[in-house]
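> Predicted model, plus sequence, below.
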Amino acid sequence: MDVQYTIVIADDHPLFRNALLQSIHMAISDTHLLEADSQNSLFSLLEKTDDIDLLLLDLKMPGSSGISGLIQLRQQYPELAIVVVSASEEDEVVQQVYNHGAFGFIPKSSEMQVLLNALKQIINGEPYFPATISHNNHQQQLTTKISALTPQQYKVLTMLTEGLLNKQIAYDLNVSEATIKAHLTAIFRKLEVKNRTQAVILLQQLEIN
């Protein structure tokens, strides 16, 4: 009897999600497929779903700040196999994805046969990366700092990048402004920065352009 795999597709483009669904059905005989179209819906799905075998993750979704979204997923779900499927295919991006703990990287421009072979290789437990991988100490240091944030602190940090004031963040998260100030103090300490601007700049260094 074939093993059924639970696979999550996280991408905000319905047409690409549909194409990926069809590709998975072609590559893997028995799958239970779930979908998310934003970072928030993805985390909600992961919280209520057990035994996910694979997450196919787009780096550019609402609520996600590029590579930092991957880092946060790695922190909260260290055992989850995450494969980035992205239109940002530069060697530097692939390198960052590798450094930040992904199990693979599949370019969105891949031909069908390449995509099918990559999916089969991944589901068989072998990582898939299209480029030569090296190590980048600066990126790894950034990863360590972002990974030290709690989920709530990470959410506050991403809201800083949107230019929201403390009282706006407090309102959106349904907490007091004093709580937000406490979060910011902890964020600045963990990121080793002195103010909001420096924190935003650090996070932007992990974004995908």
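Sure, I can see it.
> use CA for all of it now, contacts and neighbours both
Noted.
> And what about the residue nearest in space to the middle of the chain, helix, strand or coil?
Most central in the chain under CA atoms, centre = their mean is Leu70, positioned 2.6 Å from the mean C-alpha point. Assigned by DSSP: H, G, I helix; E, B strand; the rest coil, the conformation of Leu70 is helix.
> which ones are touching it?
59, 97, 100, 102 (CA atoms under 8 Å, 6 or more residues apart in numbering).
> ditto for Lys181
Residues near Lys181 by CA under 8 Å, 6+ apart: Asn166.
> Number of residues surrounding Gln141?
12 (other CA atoms under 10 Å).
> Please report how far it lies from Ile122.
In this view, Gln141 and Ile122 are 27 Å apart by CA to CA, to the nearest Å.
> again with Thr144
Distance, Thr144 to Ile122, by CA to CA: 26 Å.
> Find the helix or strand that Ile7 is a member of.
In this structure, Ile7 sits in strand 5-10 according to DSSP states H and E.
> residues in contact with that strand?
Applying CA under 8 Å, 6+ apart, the external contacts of strand 5-10 come out as 17, 20-21, 30-38, 42, 51-58.
> swap the cut-off to 6 Å and go again
For strand 5-10, contacts defined as CA atoms under 6 Å, 6 or more residues apart in numbering pick out 31-37, 52-57.
> So which of those residues is the closest to Met112?
Leu56 (16.0 Å; CA to CA).
> Now the closest one. Its backbone dihedrals?
Here is the backbone geometry of Leu56 (degrees, to the nearest 10): phi -100, psi 110.
> Please name the residues that touch it.
9, 83-84.
> Can you spell out the domain ranges of this protein, please?
By the record's domain assignment, the chain is partitioned as 5-123, 148-204 (automatic domain parsing).
> Give me the neighbour count for Ser88.
Ser88 - counted by other CA under 10 Å - has 17 other residues nearby.
> any idea how far it lies from Ile82?
Separation of Ser88 from Ile82 (CA to CA): 16 Å.
> List the buried residues of stretch 4-15.
5-12 (16 or more other CA atoms under 10 Å).
> Distance from it to the middle of the chain?
13 Å (CA atoms, centre = their mean, to the nearest Å).
> At which residues are the strands of the chain located?
In the chain, the strands defined using DSSP state E lie at 5-10, 31-36, 54-57, 82-86, 104-107.
> Now do the first one against strand 82-86, angle only.
By that I understand strand 5-10. Here strand 5-10 points in a direction 40 degrees away from that of strand 82-86 (axes from the mean of the first three to the mean of the last three CA atoms, to 10 degrees).
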